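1. Build me a structure from this.
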Amino acid sequence: MSTVPPPAPPAPVAPSADPSAALVDRIASEALNPSYRSRPDRAGSARRSPWLSLMVVGVVGVLVGVLVVASRSGVASVESERASLLQIATERGEEVSALQDRAAALEADVRALREAALGSEDIGSQQAALIDELGIAAGTQPVLGPGAVVSVTDAEPAAGEVDAASRVLDIDLQQVVNGLWEAGAEAVSINGQRVGALTAIRSVQETILVNYEPVVGPYLVRAVGDPRTLPTDFLRSSGGEWLQAVNLSAGLRFSIDSSPDDERFAGESTGTLRYATPVPDPGEGEVS
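-> Model (predicted):
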């Protein structure tokens, strides 16, 4: 019985000459772009970049920290100087207030002694009354009575900007005081500062001084007089016309109201008169 030999293994197939098959083989062999072969170098560069960035950020942080510390040090120094100046100003203000109170007490003692010395005779009483009347006009005699109050404030700032033209100036308060005298006021004060014969209303930079004391807005100019006629007469005076003009041109705001309640004004010291002397009686010095 004969045996059938096993089939021979198939012969290897020769590569196809088909162009499409060759293209597939090339794609398979070059699946990665040649540029990816430099990936290790790129990875090394990437590993180095964060360290470089951290160094730059660290240097910038140190510089910013130095600047912040320096700025805070400067601010602390300025705040310290400001606090020191405020403390000195407060102490000097307290000293001035104490001296003013002392001067007022001494003036009251002098007035009492004068009245005691002059009140025993009719002529002395007349002289005392005349001194009191002149003291009211001069601003040295404390007074109280009804009248009016003129309020003057800066203009509304436009877009957050405030210029000199929109602020109340010393000349504005001067005009108000003159207008109140013109309208018949018997006594005037600005923010509690009595206006007397030697009162100065001046500005130092942006601060207004009355009797060499700083005053700030809103400025309340109080006057003793007839509360029924004083407001109307003031609006017709030169001071009232001035305020209406600056209200239209610069926007300064003002108002005037009668004050039926008694306003109390303190007396202000006139200081020492160095040049003013009484006029002698025409009959004095004549030889009979």
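
2. The residue nearest to D257 when sequence neighbours are not counted: what secondary structure?
-> In this structure, D257 finds its nearest non-sequential neighbour in V149, 5.6 Å apart by C-beta to C-beta, 6 or more residues apart in numbering. Heads up, the C-betas are built off the backbone N, CA and C, glycines and all. At V149 the chain is in strand, as set by DSSP: H, G, I helix; E, B strand; the rest coil.

3. do the same with the one 3 residues further on
-> Put simply, V152 is strand when judged by three-state DSSP.

4. That one contacts V246, correct?
-> No: using C-beta atoms under 8 Å, V152 makes no contact with V246, being 9.2 Å away.

5. anything in contact with each of these two?
-> 172, 252 (C-beta atoms under 8 Å, 6 or more residues apart in numbering).

6. The residue nearest to D257 touches P218, doesn't it?
-> No: the pair V149 / P218 is not scored as a contact, 10.7 Å apart, by C-beta under 8 Å.

7. Looking at these two, which has the bigger crowd around it?
-> More crowded of V149 and P218, by other C-beta atoms under 10 Å: V149, with 17 against 13.

8. and the residue nearest to P218 when sequence neighbours are not counted, how far is that from V177?
-> In space, and not counting its chain neighbours, P218 is closest to T153: 4.4 Å by C-beta to C-beta, 6+ apart. Separation of T153 from V177 (C-beta to C-beta, to the nearest Å): 17 Å.

9. For these two, indicate the residue with more neighbours.
-> Comparing T153 with V177 by neighbour count (other C-beta under 10 Å), the higher total belongs to V177, at 22 against 15.

10. hang on, the earlier thing: so how far is G239 from the residue nearest to P218?
-> Here T153 is placed at a distance of 16 Å from G239 (C-beta to C-beta).

11. now do L85
-> Distance from L85 to G239, by C-beta to C-beta: 36 Å.

12. G139 too?
-> Remark: distance between G139 and G239 (C-beta to C-beta) = 18 Å.

13. How about G184?
-> 12 Å.

14. Likewise for Y212?
-> Distance of Y212 to G239, given as C-beta to C-beta: 23 Å.

15. The two: who's more crowded?
-> Counted by other C-beta under 10 Å, Y212 and G239 do not tie: G239 has more neighbours, with 25 against 11.

16. State the pLDDT value of the more buried one.
-> pLDDT for G239: 94.

17. if I read this right, it contacts V177, doesn't it?
-> Yes: the pair G239 and V177 passes the contact test of C-beta under 8 Å, sitting 7.3 Å apart.

18. check which helix or strand covers the nearest residue to T229 once chain neighbours are set aside.
-> The shortest distance from T229 to any non-neighbouring residue, by C-beta to C-beta, 6+ apart, is to G184 (7.1 Å). For G184, there is no host helix or strand (DSSP states H and E).

19. pretty sure G184 contacts R228?
-> No: with contact defined as C-beta under 8 Å, G184 does not count as touching R228 (11.0 Å).

20. Tell me which of those two has more neighbours.
-> G184 (15 against 12).

21. Could you measure from A103 over to A276?
-> In this view, A103 and A276 are 20 Å apart by C-beta to C-beta.

22. the more surrounded of those two?
-> Set A103 next to A276 and count neighbours by other C-beta under 10 Å: A103 wins out with 13 against 8.

23. The more buried one looks like it's in a strand, true?
-> No: secondary structure of A103 (three-state DSSP): helix, not part of a strand.

24. measure it to G267 for me?
-> In this view, A103 and G267 are 9 Å apart by C-beta to C-beta.
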